[in-house]
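Engineer: below: sequence and its predicted model.
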Amino acid sequence: MPTPQSPVIRPFEPGDEAAVIALWHRCGLVRPWNDPAKDIARKRALQPELFGVMVDTSPGHEGAVLGTVMAGYEGHRGWINYLAVDPTAQRHGLGRALMTWAEARLAEAGCPKINLQVREGNEPVLGFYAALGFTSDRVVSLGKRLVNDEG
């Protein structure tokens, strides 16, 4: 895929689902315990305006999904999930543009701080976020599944 010339970020639309899930698979974001279609449905039910999709506007590639970002805000902290850029289009500022889009919407909502999680050992992604100004909060992330999406 050639470098997109003027991608556009817009809210997720139902017709994006298959392309978004395929992108998440190409980016290695899908895990067996998270059904991506269910994650999309959950997001569409809560703050759907914070689910951004970057599409290509280059001739011959119009509408191709290049990236995504799923943000949320619960009144105390903002969260970023599913920040993804097509592997063939990475290193051209698209991830930064997606994060800028999400940060602007969270700031508009009054969000004072953004949190995100990166899997241990994912050094390239940690480097990406460090370049955007993110630092380690020196906390341990804990989780408890309330719903297991596995078969």
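Structural biologist: Alright, I've got the coordinates. Predicted, not measured: the structure shown is a model, and the values here were computed from it. Numbering: from 1, shown residues only.
Engineer: the longest helix in the protein is where?
Structural biologist: In the chain, taking DSSP state H as the definition, the longest helix is helix 94-108.
Engineer: buried stuff in that helix?
Structural biologist: Within helix 94-108, the residues that count as buried by 16 or more other C-beta atoms under 10 Å are L94, G95, A97, L98, M99, W101, A102, E103, R105, L106. (Each C-beta comes from the backbone N, C-alpha and C, glycine too.)
Engineer: need the pLDDT of the third one.
Structural biologist: Spelled out, it's A97. Per-residue pLDDT puts A97 at 97.
Engineer: name the residues that touch the longest helix of the chain?
Structural biologist: Contacts with helix 94-108, where a contact means C-beta atoms under 8 Å, 6 or more residues apart in numbering, come from 4, 7, 9, 49-50, 52, 54, 66-69, 71, 73, 78, 80, 83, 85, 114, 128, 132.
Engineer: now list the buried members of these.
Structural biologist: By neighbour count, with 16+ other C-beta under 10 Å, the contacts of helix 94-108 hold 4, 7, 9, 50, 52, 54, 66-69, 71, 73, 78, 80, 83, 85, 114, 128 as buried.
Engineer: where does the protein have low pLDDT?
Structural biologist: Applying pLDDT under 70 to the chain flags the ranges 1-5, 151.
Engineer: among the buried ones among the contacts of helix 94-108, name the ones in strands.
Structural biologist: Those of these mapping onto strands are 9, 52, 54, 66-69, 71, 73, 78, 80, 83, 85, 114, per DSSP state E.
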